[in-house]
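Engineer: build me a model from this:
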Amino acid sequence: MTEEQHMASIVQRTLKTCIPYVGTGLHSGCRIGMLVRPSEVNTGVRFLRNDVPTGRGVIPALWHQVVDTRLGTIIGNEFGISVSTVEHLMAALHGCGIDNAVVELDGPEVPILDGSAEPFVAMIERAGIIDQEAKRWAMLVEETVEVRLDDKVVRLEPCPITRITAEIDFPDTAVGTQRLSTVMTEPVFKRDLARARTFGFADQIEDLYERELALGGSPQNAILIDGDVVVNEEGLRFHDEFVRHKILDIIGDLSLAGVPVIGHFYGYKPGHALNQALLRKFISNEHAWSYVMLDEYENAPGLRRLSDALATTATRVKKAWSRLRVVA
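Structural biologist: The predicted structure is shown next:
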């Protein structure tokens with residue numbers, strides 16, 4: 001079976017056991033306790049701040065809960081309670097096919113760990129994953145949606161598989177120009193993306209400190225770049241680790257759709273603000289997408305197609321089926 005043929009779970013999944021962890025927040029610098037536990041079907045991923053008054057700390061991990069995107073994705077609720085830096089954990093949950101979970105925190109931020117999603121993936125694998133008795137849904141991209149800002153652009157466009165393409169350009173630095181296009185499957189995520197770490201620039205540190213950001217940052221949880229030099233003694237995990245991490249962030253940001261998104265994400269100089277603006281525009285356009293059940297969205301070599309059963313019951317999906325047959 002090829003990577004493009006790898007079939008995602010057709011039923012919802014959750015953790016088998018709880019995941020306890022205590023670590024440091026990247027921006028707050030606080031020591032934060034985290035407990036990720038199983039949850040019921042159709043509940044999605046929810047964050048729970050247990051250091052605030054009872055009844056005020058629940059925040060669903062959904063696009064309309066995003067309240068800030070400064071150097072990370074921050075979600076909040078109507079009580080003004082927020083959780084920062086959710087994208088790496090969300091990417092790990094999505095990459096491992098976890099649909100339902102509760103993330104309890106005793107502080108304002110998800111611990112940064114080593115700056116990648118790999119430790120989260122390892123914890124999820126140790127905890128175990130179980131199937132649940134409910135079908136899994138996805139959003140199928142029907143029409144291209146695009147957001148531009150200056151020379152930056154992000155878009156979602158129809159594609160029979162989930163693919164992410166990202167290009168970044170940091171001239172006169174160790175990052176340089178990097179491009180990567182990859183399918184998004186569980187094996188690909190674990191092997192090629194989860195290990196990629198977040199990165200920052202030495203000449204921005206003082207400004208970040210003044211803004212009370214990156215207070216917990218260090219070479220142990222981020223790649224530090226000083227001009228054309230990577231400061232970290234161990235070097236890079238991939239020659240193009242920077243663009244791989246951008247794709248990791250994209251996966252975490254898109255997971256706030258609440259279900260998998262089937263289509264092609266393209267980003268030139270993507271970032272959390274643009275990713276979230278695109279997701280909001282995409283979901284708000286009822287003609288840009290349709291719901292499909294994954295048990296009725298079948299694989300063929302290099303192609304996922306809609307089943308005859310689904311094609312006869314959904315008008316929009318019938319159009320998508322016709323389009324895919326023409327491509328095939």
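
Engineer: need phi/psi at the residue sitting nearest the centre point of the chain.
Structural biologist: The chain has Gly252 as the residue nearest its centroid, 1.2 Å off, counting by C-alpha atoms, centre = their mean. Note on Gly252: backbone dihedrals following degrees, to the nearest 10 are phi -60, psi -40.

Engineer: then Val243?
Structural biologist: phi -70, psi -30.

Engineer: and if you look at the one 3 residues further on?
Structural biologist: Dihedral pair for Lys246: phi -60, psi -40, per degrees, to the nearest 10.

Engineer: didn't it look like it was pressed against Ala166?
Structural biologist: Yes - using C-beta atoms under 8 Å, Lys246 makes contact with Ala166 at a distance of 4.8 Å. C-betas here are computed from N, CA, C, even on glycine.

Engineer: okay, and the common contacts of the two?
Structural biologist: Gly267, Pro270 (C-beta atoms under 8 Å, 6 or more residues apart in numbering).

Engineer: and the helices in the stretch 1-150 of the chain?
Structural biologist: 87-95, 118-127 (DSSP state H, counting those that start in this stretch).

Engineer: from the chain's centroid, how far away is the last one?
Structural biologist: Put plainly, it is helix 118-127. Centre-to-centre, helix 118-127 and its host chain are 16 Å apart (C-alpha atoms, centre = their mean, to the nearest Å).

Engineer: can you check stretch 155-164 too?
Structural biologist: Distance, centroid of stretch 155-164 to centroid of chain: 15 Å (C-alpha atoms, centre = their mean).

Engineer: out of the helices of the stretch 1-150 of the chain, the one nearest Ser284 is which?
Structural biologist: Smallest distance to Ser284 across these (C-beta to C-beta): 20.5 Å, for helix 87-95.

Engineer: domain map for this structure?
Structural biologist: With domains defined by automatic domain parsing, the chain comprises 11-136, 138-327.

Engineer: which stretch in these has the least confidence?
Structural biologist: The minimum mean pLDDT among the domains of the chain belongs to domain 138-327 (a mean of 88).

Engineer: next secondary structure after the helix or strand encompassing His245?
Structural biologist: Taking DSSP states H and E as the criterion, His245 maps to helix 241-254. Following helix 241-254 in sequence order, the next helix or strand is strand 261-262 (DSSP H and E).

Engineer: name every strand pairing with that following strand and say which way it goes.
Structural biologist: Using DSSP bridges, strand 261-262 pairs in its sheet with strand 137-141 (parallel).

Engineer: neighbouring contacts of the strand it pairs with?
Structural biologist: Contacts of strand 137-141 (C-beta under 8 Å, 6+ apart): 156-159, 257, 259-264, 282-283, 288-294, 297, 317, 320.

Engineer: then stretch 170-186?
Structural biologist: Contacts of stretch 170-186 (C-beta under 8 Å, 6+ apart): 3-4, 6, 8, 95-97, 161-169, 188, 192-193, 199, 201, 225, 227-230, 240, 242-244, 247, 251.

Engineer: now the buried members of those residues.
Structural biologist: Buried subset of the contacts of stretch 170-186 (neighbour count, 16 or more other C-beta atoms under 10 Å): 3-4, 8, 95-97, 161-168, 188, 192-193, 199, 201, 225, 230, 240, 242-244, 247, 251.

Engineer: hmm, back to that, report the buried members of the contacts of strand 137-141.
Structural biologist: For the contacts of strand 137-141, buried by 16+ other C-beta under 10 Å: 156-159, 257, 259-264, 282-283, 288-290, 292-294, 297, 317, 320.

Engineer: what's opposite Val102 in the beta bridge?
Structural biologist: Arg37, Arg46.

Engineer: quick check, it in contact with Val36.
Structural biologist: Yes - using C-beta under 8 Å, Val102 makes contact with Val36 at a distance of 7.3 Å.

Engineer: between the two, tell me which one has more neighbours.
Structural biologist: Comparing Val102 with Val36 by neighbour count (other C-beta atoms under 10 Å), the higher total belongs to Val36, at 27 against 20.

Engineer: for the more buried one, which residues are in contact?
Structural biologist: Here Val36 is in contact with Leu15, Cys18, Ile19, Tyr21, Leu89, Ala101, Val102, Val103, Glu104, Met123, Ala127 (C-beta under 8 Å, 6+ apart).
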